[in-house]
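> let me see the structure of the following:
(2 chains)
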Amino acid sequence: GEDVEQSLFLSVREGDSSVINCTYTDSSSTYLYWYKQEPGAGLQLLTYIFSNMDMKQDQRLTVLLNKKDKHLSLRIADTQTGDSAIYFCAESMGSSNTGKLIFGQGTTLQVKP
Amino acid sequence: DSGVTQTPKHLITATGQRVTLRCSPRSGDLSVYWYQQSLDQGLQFLIQYYNGEERAKGNILERFSAQQFPDLHSELNLSSLELGDSALYFCASSPREGADTQYFGPGTRLTVL
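Okay, the predicted model is just below:
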């Protein structure tokens, strides 16, 4: 089945690291993504990882993928108030003729000064 | 700016009416995806077009239809509107037919009164 689960809320202090977790069900997923949505705005692609990778680092962002447990995480180092937003995990189904995305419910990240 | 444009930004209409949402993909992208974001259903895939042809369908109601034109822009038509159709409608584009990075437009917020 197609299902992506995320915790709904995370609160951290400015300067701390944030870790947002996600679990997915389709083992044939080829790409896994993290999108950011600020209030009243669209979806911004933050980063993505191929299913044959374990880790990807991009400046303050680190993505870890555990294929065995179907677990994906996004770590934001030195979290800033500007990082406050909703973060969506998404998987792309393992098909050559469609890249439709299945999204989690979104995790609201609150960064306290 | 993702390079994906959507018009209009906001749309307010009455139940029973019909509306058309428009999307222009990023230059060079052949796939267009439509997603609906609502409070109760979250972010859901509606439909995908690739180079003018329908490729995948998600939870799209029969009252909704879409098409992609030769210049690759796409339109989502919503008819016999109901209160429950009020949502944010996103368009995304990607270069290929299958799994790939998708860039999202700013969305059209539809309010049905």
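> please make it C-alpha for all contacts and neighbour counts, starting now.
Fine.
> roughly how far apart are B:Gln37 and chain A?
From B:Gln37 across to chain A, the span is 10 Å (CA to the nearest CA, to the nearest Å).
> ok, then the element right after the host helix or strand of that residue?
Assigned by DSSP states H and E, B:Gln37 belongs to strand B:31-38. With elements assigned by DSSP H and E, the helix or strand that comes after strand B:31-38 is strand B:42-50.
> hmm, back to that, other SSEs contacting the strand holding B:Gln37?
If you count contacts as 3 or more CA pairs under 8 Å, 6 or more residues apart in numbering or on different chains; DSSP states H and E, strand B:31-38 packs onto strand B:42-50, strand B:87-94.
> what stretches of chain A score poorly on pLDDT?
Counting by pLDDT under 70, chain A contains low-confidence ranges at A:1-2, A:94-96.
> grab the most central residue of chain B for me.
Most central in chain B under CA atoms, centre = their mean is B:Trp34, positioned 3.3 Å from the mean C-alpha point.
> look up which residues are beta-bridged to that residue.
In this entry, B:Trp34 is beta-bridged to B:Ile47, B:Cys91, by DSSP bridges.
> re the thing from before, out of the helices and strands packed on strand B:31-38, the one nearest A:Ser17 is which?
strand B:42-50 (26.6 Å; CA to CA).
> buried stuff in the closest one?
Residues of strand B:42-50 classed as buried: B:Leu43, B:Gln44, B:Phe45, B:Leu46, B:Ile47, B:Gln48, B:Tyr49, B:Tyr50 (neighbour count, 16 or more other CA atoms under 10 Å in any protein chain shown).
> for the residue of chain A positioned farthest from its centre, pull up the helix or strand it's in.
Distance from the C-alpha centroid of chain A, by CA atoms, centre = their mean, peaks at A:Asn97 (23.7 Å). For A:Asn97, there is no host helix or strand (DSSP H and E).
> ok, and the closest non-adjacent residue to it?
B:Gly98 (4.6 Å; CA to CA, 6 or more residues apart in numbering or on different chains).
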